[in-house]
Structures are given as structure tokens and as C-alpha cells.
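Colleague: no FASTA, just this:
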């Protein structure tokens, strides 16, 4: 079989549900470049049908197990599920990708499930961009539900809320001294809270704290009061309730008219990052043409010029001038 | 007292070691804008003297306590210490900032220590940019050591390695199912590993696993073999050894000639993000001038046009044309 397949053939096969075509398409968008763009341009009009769900939580909160159980639940209801596990692992080690595949084994062999790990590629906005594009590909491939699973800390959480229609945040009882900090940032993005490993001491207390913090904090989630649920994902307890809460949130979004608003936010965020990246690419091309990029960095490193002046000079020289 | 102070006055006071001036300067760079840029331009030539140390680890690993103890150790050696606690908390809640101040109490009242929490501002590259700028301010203010403390997960870790000369990664025994994944990503950035809470079961085993993974992985840290140390930060055990390992790493960087290389990498990364941001600002100005940004997003949201085509059109229309 030829290794060269035209992007148009990939797009057609992907739309027909061909898994290999989807896998290749994702690899293409991870790599970036002109073929990826052509593919996404072709498929974009076929997106907008999936329910995109973000699942986040600290390491060890049991995200993988919970997503696994939810996926099995949805499959029993004949819904197809795409899973994107956003992973802090570098592409050079690949340990986590293997790990993912192993943990997802109960789901393997089911053609209604597609799992993909995304590894950080180190470039600014890289994971967010590749994740958005992969969501678009799975959406165009016809998956009913797309789950984006990320390790929750800092920027990652904010990103997932921007990418998803519904954001599920997993907590576990007694996570240590940084929990307060993380919770504070999370209050604004969570649509559903799950206190997982609820057989541990302090589960009720964690739920109570969350409830108190939500009452204290702004009710800024557009009128939706985040649902707080207990679960033991490992034993499949509480999974149906989580799925139900996710459904209810989608119903709420649609009935309140906020769905269109979330879609607008998603698109605005995605579009900004595309323009951002295109602008940088444009600048880089100018850099390559003009030469002098490294020389400029050396001057900044020697403290002969500050980065702001250097950048302003560069932008002035290369962005305003006609080609 | 007037609330308006010229940036030049702030720069002069900051260089003289005035803490209020430093605090105001940091607030300025967090907010961004023209005054921040002027200030950084003025101060940039006075930077490049501090040893910048990144400290990262999962929530609950004991980062705060360890940084606290290290700072006290350095103070006994008459070194001044700036601490930047990069925090996933949103600016709207502020819980963690308060938390930070409380936990750092043993250090308060010491004029050789300056602590600042940075909260995520949600914009792409926002924390990284503000952190870089705050490092520059503390550097210009004459602090010998600058510690950047981040919750380690995903992109955050990669960023901290880019910002620091020496990166310290904290692990704790038995962190659960995601540890493998995180370790894999961390191997390439850690200069010093600390297994904290070493009185817990499995500390030696965690150290052994790290050692094994380091041997398996590439020796890509430029010839430096990461030091692996046990510590109990809460009881001040192992702190002197960590400080010594950090020192040794700096000696290694200087003697091997890699220091210049790290500085170049830091500058290149910082400069790229400044250019990135300046390019986006430039694009945004064009957006505002041209109108139609929101109309374009609406067309993308309605799937009439894909974001890539829209972005390319926009860039072509607004970035190449002369003012």
C-alpha cells in the first residue's frame, strides 16, 4: 500500500468512519503544515454535532478510570465516543501513550470508541491547537461524544473549559496542601464536580467544602449551579449519575440559549489561536527571509538590546512592509 | 502620596532595593501595556546576575515547604532570595495568594526575601510572559537567587525549564497512577530530583525508579547526570544537600560552557514570546481598525467558513498591507 494518500481521500474515508483514516488525519494535524490545513478546511463544515466534554483533575484523581467507565456507559446507550487524552509526556519517551493503551484495554476492539493520546510538543499553544484540531476531526468522523481528558493544573484547566461544552472536574478526598489553590481556579470552569474515590475518609467533607466554596464564589457560570457528585470509578459506582448530570448540563445549555454562546466562545478562542499561529508563521517566514534572527537573540543575550525594543524593531521592519 | 509615579522613578527606586517599587513594578508587568514595556526596557541591561531556579512538582508534593526551607538556608549564607509562586488560581478568587502569604510567614519581615504570587490571567502565554518579566525585575533589583515555583503538570514543567538555569523536580513516594506519565516528561528537564516526604513508605523505591528511568532515557541533559536526593522538607532534613546540588549544577554549567547556551535558550524563548505577543497585538490593532473580527467569528461559528481559511484571509488582508 502506498504511504502517500491525498488529503481528499483521507477526508472521504474519515467521513465514512474509517478508523485508519482518522488516525492518519490526527497524525497529520499533530505534525501541522499545509496538508493538515487542507484537511481541516475540507472537513470543517461537517463539524458541530458532537457533545464535547472536558474531564480534568490532579494526577492520581482517577481521571482515566472514570473516563473509561463513562465511555462504557455511553456505549451501552449506543452512543459513539472519541477520547483525547492530553498528556504531559514528551513525544520522545512515549511512556504514557503506551500506558493509556494498556489502561483502555476493556474498550479496545469496540469500533464505537476511538482513543488518542496527545503529547506536548513544547511549542506555545501547541497542545491546545492540536487538541482543537483533533476534536474537529473526531466530530467530522461522526462521534456523538468527544471527551478531552487533561491533567488539571494551571493553564491546562482554563484551556479545557475553553475547548469543551461541559467541563467535569474530579477531586479526591484529602489531596494535600495545594488543593485550596486549585479549587479556587476551578470554581469558575466546573459544570460538574465529581468527588472520586468516595470510599476514602473525608469524601463527604470534600463535597461539603466544594458546596461552600461555590456558594461563596460568584454564581458566574451563567445561571447553572455545578452539580456535585460522589463516585467510586474503580467500582463503577456513580457513573450513571455523572452521565446524567452531563446530559442535564447540555439540556440546560440548549434551553437557556447559552449553547450558542459557548460555541461562539469556543470558536473565538480557536480562531484567535489560529490567527496567532498564522501571524507567528508569517513573522517566522520574514525572519528566515531577512536573516538576523539569531544575531538579534545574541544581542539580547549580551544585554546590548532589550527584548521589547528588539521585538518592536523586528515587527516594524517585517510585519508592516509589503512582501 | 500620589498614585502616579513615573516608570523612571520606579526603576531608580527598584535598583536601590526599594521593596514597594519592586512590588509596583511587578503589578505593572502583570497588567502589561506601555508602562511595563518602558520599565523593562530601562532595567534590562541590569539583569543577568541572578541564579534562576525552577522548582516544580505535583500538587501536594510539598513545593512550598521545600522552597521555604531552601530560602531560609540561603539567607543564612547571606544570599538574597526572590520567590515567584506561579499559581493556577484565577485573579478573581485570590485564595491562593492569601494562602501563600500565610505559609511564608517565617520568612516575612526579612528584607532579603521577596515573595510574589503570579495568578493565571487566562491568556495564551500570559503566565510565562509575566513570569519572565518578574524574573527580570527581581534580577535588576539585585536578588542573588530567584526561585520560580510551579505546580508541575504538562506545559508548566516545560515552561519552567525554559525559564530557569537549574530545574528542581519534587517527587513524593507513591503518587498514584499518573506518576509514570509525569516522570516521563520530566526526565528531560530535571537537573535535581528531590524525593520529598522521605519518611513515607517507598521513598527509596521512588528514588530507585527515578535512577532506572534516567539510565534508560537519553542522557540528553548535556552531560549532567541529574542528582537524586531524599528530603523531609517539613523537618528541614536534606535541605543543605539540595542547595549544594543546585550550586554544583551552576558550577557545572559555567565550567562546561553550557551556561552561555542556557542563557541563549532562555533569551531565544523569551524573545520569541515577546515577538509572538507583539505580532498578535499588531494583528489585534488591525482587527480593531478593520472591524469585522466578531463578524468573522460568527461566520466560523455558523460553519460558513473554516478558521484556517478565515485566518489566512485575515493575515493576508491585514498583516501584509502597509499601515
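Modeller: Good, I have the coordinates. Because the structure is a prediction, the values reported are computed rather than measured.
Colleague: contacts, neighbours, all on C-alpha from now
Modeller: OK.
Colleague: which stretches of the stretch 1-150 of chain A have low pLDDT?
Modeller: Residue ranges of the stretch 1-150 of chain A with pLDDT under 70: A:1-5, A:87-108, A:119-126.
Colleague: same thing but 50
Modeller: Within the stretch 1-150 of chain A, the segments meeting pLDDT under 50 span A:1-4, A:89-102, A:122-124.
Colleague: in it, which spans are helices?
Modeller: A:7-15, A:19-31, A:34-43, A:63-76, A:95-103, A:126-140 (DSSP state H, counting those that start in this stretch).
Colleague: Of the ones you listed, which stretch is the most buried?
Modeller: helix A:126-140 (a mean of 23; mean count of other CA atoms under 10 Å in any protein chain shown).
Colleague: now the helices of the stretch 1-150 of chain A as TSV including distance to chain B?
Modeller: Output for those, formatted as TSV (distance: least, CA to the nearest CA, whole Å):
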stretch	distance to chain B
helix A:7-15	15
helix A:19-31	12
helix A:34-43	6
helix A:63-76	9
helix A:95-103	5
helix A:126-140	8
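Colleague: can I get those helices in TSV with distance to residue B:114?
Modeller: Output for those, formatted as TSV (distance: least, CA to CA, whole Å):
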stretch	distance to residue B:114
helix A:7-15	55
helix A:19-31	41
helix A:34-43	47
helix A:63-76	37
helix A:95-103	38
helix A:126-140	33
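Colleague: OK, contacts around the nearest residue to residue A:135 once chain neighbours are set aside?
Modeller: In space, residue A:135 comes closest to residue A:146 once its chain neighbours are excluded; the distance is 7.0 Å by CA to CA, 6 or more residues apart in numbering or on different chains. Contacts of residue A:146 were listed using CA atoms under 8 Å, 6 or more residues apart in numbering or on different chains, and they are A:50, A:51, A:52, A:53, A:81, A:82, A:83, A:84, A:135, A:138, A:139.
Colleague: which ones are touching the fifth one?
Modeller: When contacts are counted by CA under 8 Å, 6+ apart, residue A:81 touches A:71, A:74, A:75, A:112, A:113, A:114, A:143, A:144, A:145, A:146, A:147.
Colleague: And it, how far from residue A:19?
Modeller: Noted for residue A:81: a distance of 13 Å to residue A:19, by CA to CA, to the nearest Å.
Colleague: Run through the helices of the stretch 151-300 of chain A in chain order.
Modeller: Counting by DSSP H, counting those that start in this stretch, one finds helices in the stretch 151-300 of chain A at the ranges A:155-163, A:179-186, A:203-216, A:239-255, A:258-290, A:293-301.
Colleague: mean confidence score for the fifth one?
Modeller: Right, the one you point to is helix A:258-290. Regarding helix A:258-290, the rounded mean pLDDT is 78.
Colleague: Off-centre distance for that helix?
Modeller: 16 Å (CA atoms, centre = their mean, to the nearest Å).
Colleague: Could you check it and say which residues are buried?
Modeller: A:259, A:262-280, A:282-284, A:286-287 (16 or more other CA atoms under 10 Å in any protein chain shown).
Colleague: ok, which of those also contact chain B?
Modeller: A:263-264, A:267-268, A:270-271, A:274-276, A:278-280, A:283 (CA under 8 Å from any CA of the partner chain).
Colleague: Let's see which of the contacts of residue A:81 end up in strands.
Modeller: Per DSSP state E, strands hold the following members of these: A:113, A:114, A:145, A:146, A:147.
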